[in-house]
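**Student:** let's see this in three dimensions:
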Amino acid sequence: MPDVTAVILAGGKGARLRSVVPNLPKCLAKVNGKPFIFYILRKLVSAKVRRIIIAVNYLGEMISLQVGTEYLGIPIYYSYDMIENGGTGHALRSSLHFIDTDHILVMNGDTYVDMELSHFIWEYQRGDGNTGFVLNVNKGIISMGIYLTCCEFVQTHIPLNKSYSLEKSFLRDTYRYGIIPYIINKPFIDIGTPESYAKAGEFMKKIGK
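**Tutor:** Down below sits the predicted model:
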């Protein structure tokens, strides 16, 4: 498998979740007694990524204090968006100076998918295209916000110092360079709302995490 750096997008303010998780960034909301981000970190360890970048903004210092600078032997770095309200794309763009691999695995800090990331990386390497992305057919057809792409592409196609949304623009902009859909049918949880967060503990128990 290619060497990959993982970028966890964890800079959102989590406004919808504040009624049940006040004064915490979403990724630190506890699920079965453990901050949610640690479930994601363990999954990245299993995928054997080289290093992990956590793109932070709102209460970013709290995340770095809780998570630290390494997890199970994998170094962790923290990247702050260089402009205010830069969106998910600029958060990724701002993390580039920490990345020393050709490929980047991008994922959200508030979503857990019961899938093997290592297999996604392997299929990407076998495919013919620039950007891989995960499509889940478990509840309709939903993009999981998990991308695997080239560092060079991010540098040349996501504008510097301008707001950019991965969700709205990235696949459109990368389409002509070749996209590699990775289709799964797996359970997932997004803790972005009080309703979904209330289900997270039982979800994790059900999948054995």
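**Student:** what lies in contact with the lengthiest strand in the chain?
**Tutor:** Ranked by residue count and defined by DSSP state E, the top strand of the chain is strand 142-150. For strand 142-150, the surrounding residues in contact (Cβ atoms under 8 Å, 6 or more residues apart in numbering) are 4, 9, 102-108, 111, 113, 117, 120-121, 124, 130-136, 166-167, 170, 174, 184, 188. (Glycine included, C-beta is placed from N, CA and C.)
**Student:** and the residue positioned nearest the centre of the chain, what does it touch?
**Tutor:** Among the residues of the chain, residue 107 comes closest to the average C-alpha position under Cα atoms, centre = their mean, at 1.6 Å. Applying Cβ under 8 Å, 6+ apart, one finds that residue 107 lies in contact with 6, 7, 8, 9, 40, 144, 145, 146, 147.
**Student:** and for residue 153?
**Tutor:** 130, 131, 174, 177.
**Student:** residue boundaries of the helices in this protein?
**Tutor:** Taking DSSP state H as the criterion, the chain carries its helices at 37-46, 60-67, 87-94, 117-126, 151-157, 171-174, 194-206.
**Student:** please identify the most buried of these.
**Tutor:** Each of these was scored by mean neighbour count; the highest is helix 87-94, a mean of 24, by mean count of other Cβ atoms under 10 Å.
**Student:** which among the contacts of strand 142-150 count as buried?
**Tutor:** In the contacts of strand 142-150, burial by neighbour count holds for 4, 9, 103-108, 111, 113, 117, 120-121, 124, 130-134, 136, 166, 170, 174, 184, 188, counting by 16 or more other Cβ atoms under 10 Å.
**Student:** of the residues you listed, which belong to strands?
**Tutor:** Using DSSP E, the subset of the buried ones among the contacts of strand 142-150 located in strands is 4, 9, 103-108, 111, 113, 131-134, 136, 184, 188.
**Student:** coming back round to it: can I get the helices of the chain in TSV with distance to residue 23?
**Tutor:** Converted to TSV, these look like this (distance: least, Cβ to Cβ, whole Å):
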stretch	distance to residue 23
helix 37-46	16
helix 60-67	9
helix 87-94	22
helix 117-126	31
helix 151-157	32
helix 171-174	35
helix 194-206	15
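**Student:** what sits against the nearest residue to residue 55 once chain neighbours are set aside?
**Tutor:** With Cβ to Cβ, 6 or more residues apart in numbering as the criterion, residue 55 has its nearest non-adjacent residue at 4.2 Å, and that residue is residue 91. Contact criterion Cβ under 8 Å, 6+ apart gives 9, 11, 55, 57, 79, 81 as the residues in contact with residue 91.
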